[in-house]
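S.K.: fold the following for me, if possible:
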Amino acid sequence: MARLPDRLDRRILEELQLDARITNQQLAKRVGLSPAPCWRRVKRLEAEGFICGYATLLSAPAIGLAVQAYALVSLENHHPQTVQQFDQMVHERPEVLECHSMSGPNDYLLRIVAASMEAYERFLSTHVLQLSAVRSVNTSFVLRTKKFTTRLPVD
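M.R.: Presented below is the predicted three-dimensional model:
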């Protein structure tokens, strides 16, 4: 089991969340280490699973994906074949950005992007509601985003 990150590890994680493209030299300077120990800490944080990867975040509206929706999905049952059918659709469809198994009255919460309301309806009709596994879908649409971050609090 990986140990919890210490104060310097947390500083490294904070800085990398602010700018994943920062050079090791710059990172070392910001956290108060020399470059070699800083690089070793980053590699250890990656190996221990604290850092899962690095990504380029795109603006969905800028690339033509103006609709963002959250869909609550209920399945007919929880038989392995039913769940597998749903899981396969989720993994195959690029419109589905996130899928969370939920407690409460619904089974899943999906975050979905689409170019338009028509594109969302087409996705829903041809990919989600066609599954015999799906009992119901209730969708809420994002009107305005007040806050969006990928940064986790590390303190």
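
S.K.: residues contacting residue 17?
M.R.: 150-152, 154 (C-beta atoms under 8 Å, 6 or more residues apart in numbering). All C-beta atoms are positioned from the backbone trio N, CA, C, and that covers glycine.

S.K.: again but with residue 35, I slipped
M.R.: By C-beta under 8 Å, 6+ apart, the contact set of residue 35 is 24-25, 28.

S.K.: look at the residue lying closest to residue 152 once chain neighbours are set aside and give its secondary structure.
M.R.: Counting by C-beta to C-beta, 6 or more residues apart in numbering, the nearest residue to residue 152 once its immediate chain neighbours are dropped is residue 17, at 7.0 Å. Secondary structure state of residue 17, per DSSP: H, G, I helix; E, B strand; the rest coil, is helix.

S.K.: measure stretch 143-155 end to end?
M.R.: Start-to-end span of stretch 143-155 (C-alpha to C-alpha, to the nearest Å) is 32 Å.

S.K.: same check on stretch 96-108?
M.R.: End-to-end distance for stretch 96-108: 12 Å, by C-alpha to C-alpha.

S.K.: ok, and for it, which residues are buried?
M.R.: Residues 96, 99, 106-108 are the ones in stretch 96-108 that count as buried (16 or more other C-beta atoms under 10 Å).

S.K.: what segments of the chain are helices?
M.R.: Listed in chain order, the helices of the chain (DSSP state H) span residues 7-18, 24-31, 35-47, 80-92, 117-123.

S.K.: about what we covered before: ok, of the contacts of residue 35, which come out buried?
M.R.: Buried among the contacts of residue 35 by 16+ other C-beta under 10 Å: residue 28.

S.K.: let me know the closest of the contacts of residue 35 to residue 67.
M.R.: Nearest to residue 67 among the contacts of residue 35, counting by C-beta to C-beta, is residue 24 at 39.7 Å.

S.K.: ok, now which ones touch that closest one?
M.R.: The neighbourhood of residue 24, defined by C-beta under 8 Å, 6+ apart, consists of 35, 38-39, 42.

S.K.: and those, which of them are buried?
M.R.: Taking 16+ other C-beta under 10 Å as the criterion, what is buried in these is 38, 42.
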